[in-house]
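Colleague: Have a look at this prediction, sequence included:
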Amino acid sequence: MKVHKFFAERIYNLMDSQRVGYLTTGQLMGHLTNLTATCSCIKLKMLFNMYDIDGNGTIDPSEFGVVLASAIAYNALSISPEQVESMTDTMFEEIDENSDGVISFDELKLILEKYPQWFDGSLQLSAARFLKPPEAPQPKDKRKEKVPLKVRLANLWTTIRRKRKEVLWGIFYGLSIIAFFLYGSLDAFYSGSHITTPHCLKYYVVAHGFGMNLNWNCMLIIIFMLRRTLTALRDTRLGPYLPIDIAVFIHKVIGYMIGICTLGHWIFHMIHFRCLADEPNPDEGHRNPYTHQPFSYGEYLGSMVTGLGWIHGFVSISGWVLLAIYVVMFIFSLRVIRRSGHFEVFFITHLLYIPFMVLLILHSDKFWKFIIVPGLIYIIEKISMTRCVRVLVGGAFHIKAVTLWRTKDQGVTQIIMNHPPGFVYQPGDYVFVNIPTIANFEWHPFTISSCPEDAENMTLHVQFKDGQSWTKKLYQYFEKLQSNRKQETNIRKRLETIRKFQSREIESAPSVYGKKRPSIFGTNLQALHVPIYVDGPYGTPSGRIFSAQHALLICAGIGVTPFASILQSIMYRHRTRKVTCPECETSFHPPMTAGQEGLKKVQFIWVVPNQRSIEWFVELLDKIDAVQTTNNHIDKLIEIQVYVTSAKSMSDVYSFGLTTALDVFYKKHNRCLVSGIQSRALFGRPDWNTIFQEADENKRGNVSVFFCGSPDLARTLRTLSAKHNFEFAKESF
């Protein structure tokens with residue numbers, strides 16, 4: 001286990017009291033006995049000695065500050081030196097009974113007797129963990145453990161129950177593939193006598209079966225590209241029964257199936273044409289009208305003289321072009337291309353779907369029957385998405401301001417843009433945005449993090465990680481713009497300083513102590529007018545929260561954005577329901593549940609990698625806490641839990657002082673120094689089994705789980721939701 005150097009040295013120095021540079025087995029066993037003894041006084045004395053760095057029998061503020069700083073660094077927290085100083089002062093005010101500026105052992109013992117929950121045996125556990133030797137790596141057993149058939153069947157049934165809607169639609173899709181293959185094959189069998197020969201009919205029948213499935217799947221892939229139509233259907237009675245939430249996944253599956261159908265159609269036509277070319281005595285329909293010789297294999301593959309297709313002779317040429325287009329689209333839609341900073345390549349090559357669909361209409365005499373209705377709807381949607389129509393209907397957008405956050409390996413750009421009156425969206429909706437100054441042709445989806453009730457502004461939060469990507473270019477663009485503005489401001493200040501100096505208006509140089517620390521809310525860049533184009537809004541599963549009774553909102557990292565919009569909307573609706581008594585003129589809020597369409601409880605769980613990530617939405621969470629604290633008669637509708645995964649060792653011996661100082665600080669100021677809000681930050685990873693069990697035991701009606709985050713965590717939460725009969729929905733766009 002990795003241990004901070006400061007604490008390792010302190011533990012060893014305490015054990016090596018003779019300063020001989022080593023420990024005997026007897027000495028080590030003696031110290032272990034003390035640490036694991038039932039007498040808390042012995043353990044407490046060792047803890048006190050570890051914090052008493054100079055060994056003078058007292059702990060002074062500087063010693064305590066050093067210990068706090070080491071524990072903060074070990075747990076990867078972002079607590080400033082000023083806050084450490086404030087925590088130290090608060091701690092000493094609470095523990096230093098005689099106000100002599102130091103903490104004695106008796107004072108520490110007295111305060112822990114007063115608040116036993118601060119100590120309560122945690123030292124014994126952490127000491128055992130601290131002194132536990134590292135485990136030797138075990139060789140991996142490549143043999144898979146055999147799972148009994150009964151267990152496998154039980155797991156399969158659980159999966160089917162958990163994904164019953166997806167399973168039913170999957171069965172329907174599979175049956176449709178079989179049905180259209182049979183339909184295409186039978187149609188070719190009864191109507192293909194003028195195209196093929198009896199000897200080659202079998203190959204033509206199979207090729208035609210694949211071709212009919214190609215028509216069917218190309219129609220389906222267009223249907224699942226109708227974002228506006230799917231968003232409208234989501235809010236109807238049919239919405240819960242349609243696979244709208246997995247539209248992106250279905251789009252990928254159909255894309256693969258189109259490839260299979262294209263390959264099968266091509267292979268069997270190659271065999272079919274070879275068979276036709278090898279016919280010894282073909283009829284006139286299979287002879288060159290100019291030479292009266294049988295068509296050669298090359299003529300079948302690439303000549304219009306054969307007359308095949310409903311457009312005379314165009315079927316072979318169009319087939320080769322269709323095959324080439326699909327191969328290009330498939331290669332450049334692979335994840336390795338999309339995620340490697342070459343999104344524009346993916347976007348441009350994906351536009352080849354337009355000539356693909358047009359050529360397929362010319363290639364197949366039946367495809368137009370499949371595509372006519374969804375194709376017309378798709379064209380209407382695309383026209384409505386053009387820039388001129390969006391500006392006319394919804395209004396023009398521009399970026400008014402940005403806020404930048406940056407940590408070691410990632411950053412977040414908060415985009416604040418105007419909210420045109422004609423642009424109407426719901427909490428949790430997402431949009432596609434295009435910023436020409438970053439990339440002319442790239443459109444990227446982001447969840448709207450502001451609430452619809454905000455008539456002035458609309459916000460997006462865009463995260464980037466190390467690597468070249470559109471999101472990083474966005475951050476760097478505004479970072480450079482900010483740097484240029486700072487340079488201009490500094491030049492103006494210098495010129496002003498020179499002017500004042502020449503006019504003897506300056507008496508003394510400004511003190512460096514007057515400089516302000518950077519805001520924890522990020523770096524702001526105001527008074528902008530950067531053009532941005534918006535396509536949307538489009539609905540997501542989290543929009544159903546207001547029809548839920550007990551909502552469990554779970555998110556990881558930047559996945560908080562859809563829930564930020566939802567939480568703001570809840571608080572806005574709460575504020576608008578404020579009423580005033582006509583007699584005493586006292587203002588109050590009726591219970592929050594009265595106006596939330598049955599919403600009785602919201603558990604908001606946010607898992608962040610480090611403390612700095614909380615700063616993205618600390619202002620919003622603080623407002624939610626403040627409103628609920630002000631209205632004490634309200635049983636908290638929104639329960640906030642923020643987990644900081646970097647702080648894994650807050651219960652260890654070397655973090656005891658930090659956890660105690662945080663407790664004392666919270667007791668005095670009613671505010672968590674880590675989360676920045678009234679709700680306490682939790683350290684480490686959540687125990688999902690316990691969370692779901694408690695939600696099941698204390699549920700306020702039917703529980704609905706809404707999640708936005710990684711697929712791995714989604715699988716875990718989906719399994720637990722099925723176990724407890726909770727409804728589960730995952731954001732996907």
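Modeller: Great, that's in hand. Owing to the predicted nature of the structure, the values given are computational and were not obtained by experimental measurement.
Colleague: Under the pLDDT cut-off, which ranges of the stretch 351-500 of the chain? List them.
Modeller: The stretch 351-500 of the chain contains residues with pLDDT under 70 at 387-395, 408-409, 466-468, 486-500.
Colleague: the helices in it, which residues?
Modeller: For the stretch 351-500 of the chain, applying DSSP state H, counting those that start in this stretch gives helices covering 353-363, 367-384, 387-393, 470-502.
Colleague: Could you pull out the buried residues of stretch 679-691?
Modeller: Within stretch 679-691, the residues scored as buried using 16 or more other CB atoms under 10 Å are Ser679, Arg680, Ala681, Leu682, Phe683, Pro686, Ile691. In short, each C-beta sits where N, CA and C put it, glycine included.
Colleague: how near is His265 to Gly259?
Modeller: Separation of His265 from Gly259 (CB to CB, to the nearest Å): 11 Å.
Colleague: Looking at these two, which has the bigger crowd around it?
Modeller: His265 (24 against 16; other CB atoms under 10 Å).
Colleague: from memory the more buried one sits against Ala207, does it?
Modeller: Yes - applying CB atoms under 8 Å as the test, His265 and Ala207 come out as touching, 5.5 Å apart.
Colleague: after the helix-or-strand element of the chain with minimal mean pLDDT, next one along is what?
Modeller: Using mean pLDDT, DSSP states H and E, helix 122-130 stands out as the lowest-scoring helix or strand of the chain, at a mean of 48. Remark: after helix 122-130, the chain's next helix or strand is helix 149-162, criterion DSSP states H and E.
Colleague: What residues sit buried inside that following helix?
Modeller: Arg162.
Colleague: what helices or strands is the helix or strand following that helix leaning on?
Modeller: Using DSSP H and E, the helix or strand that follows helix 149-162 in sequence is helix 164-191. Judged by 3 or more CB pairs under 8 Å, 6 or more residues apart in numbering; DSSP states H and E, the packing partners of helix 164-191 are helix 201-223.
Colleague: What mean pLDDT does the helix it packs on get?
Modeller: The average pLDDT for helix 201-223 rounds to 93.
Colleague: count of neighbours near the closest residue to Phe189 other than its chain neighbours?
Modeller: Among residues not flanking Phe189 along the chain, Val205 sits closest, at 5.2 Å (CB to CB, 6 or more residues apart in numbering). Using other CB under 10 Å, the number of residues around Val205 comes to 20.
Colleague: Next, the contact list for Val205, please.
Modeller: Ser185, Ala188, Phe189, Gly192 (CB atoms under 8 Å, 6 or more residues apart in numbering).
Colleague: Likewise for Phe464?
Modeller: Residues counted as contacts of Phe464 (CB under 8 Å, 6+ apart) are Gln410, Gly411, Val412, Thr413, Thr471, Lys472, Leu474, Tyr475.
Colleague: Against Arg612, how distant is the first one?
Modeller: Just to be clear, that refers to Gln410. Applying CB to CB to Gln410 and Arg612 gives a distance of 9 Å.
Colleague: The fourth one now?
Modeller: The span separating Thr413 from Arg612 equals 15 Å under the rule CB to CB.
Colleague: now do the fifth one
Modeller: Plainly put, Thr471 is 17 Å away from Arg612 if you go by CB to CB.
Colleague: Same check on the second one?
Modeller: With distances taken as CB to CB, Gly411 is found 10 Å from Arg612.
Colleague: what packs against the helix or strand harbouring Ile605?
Modeller: Counting by DSSP H and E, the element that carries Ile605 is strand 601-608. Using 3+ CB pairs under 8 Å, 6+ apart as the contact test, the elements touching strand 601-608 are strand 550-556, helix 561-576, strand 638-644.
Colleague: which one of those lies closest to Arg700?
Modeller: For Arg700, the closest of the helices and strands packed on strand 601-608 is strand 550-556, at 4.5 Å, according to CB to CB.
Colleague: now the angle from the closest one to helix 561-576?
Modeller: Angle, strand 550-556 to helix 561-576, by axes from the mean of the first three to the mean of the last three CA atoms, to 10 degrees: 140 degrees.
Colleague: Can you pull out the residues in contact with strand 550-556?
Modeller: Taking CB under 8 Å, 6+ apart as the rule, strand 550-556 contacts 542, 545, 562-563, 566-567, 599-608, 695, 699-710, 713, 717, 726.
Colleague: rerun that using 6 Å as the cut-off
Modeller: The contact list for strand 550-556 (CB atoms under 6 Å, 6 or more residues apart in numbering) reads 545, 563, 601-607, 695, 699-701, 703-709.
Colleague: Emit the ChimeraX select command for whichever of these are buried.
Modeller: Those of the contacts of strand 550-556 that count as buried under 16+ other CB under 10 Å are selected in ChimeraX with:
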select :545,563,601,602,603,604,605,606,607,695,699,700,703,704,705,706,707,708,709
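Colleague: The buried residues of stretch 679-691 in helices, which ones?
Modeller: Judged by DSSP state H, the buried residues of stretch 679-691 include Ile691 as members of helices.
Colleague: out of the buried residues of stretch 679-691, who's nearest Val402?
Modeller: Proximity of these to Val402 (CB to CB) peaks at Ala681, which lies at 26.9 Å.
Colleague: correct me, but the closest one touches Val642?
Modeller: Yes - using CB atoms under 6 Å, Ala681 is in contact with Val642, at 5.1 Å.
Colleague: Return every residue with contacts to both of these two.
Modeller: Ser675.
Colleague: mind checking the SS state of Phe728?
Modeller: strand (DSSP: H, G, I helix; E, B strand; the rest coil).
Colleague: What residues are bridge-paired with it?
Modeller: Val705 (DSSP bridges).
Colleague: Do you know the pLDDT at it?
Modeller: 85.
Colleague: And for the one 4 residues further on?
Modeller: What the model reports as pLDDT for Ser732 is 66.
Colleague: Relative to Leu552, how far out is Cys451?
Modeller: 20 Å.
Colleague: the more surrounded of these two?
Modeller: Neighbour count, other CB under 10 Å: between Cys451 and Leu552, Leu552 has more, with 25 against 22.
Colleague: Show me the beta-bridge partners of the more buried one.
Modeller: With DSSP bridges as the rule, Leu552 is bridged to Gln603, Val705.
Colleague: Return the distance of it relative to Ile614.
Modeller: As judged by CB to CB, Leu552 and Ile614 stand 20 Å apart.
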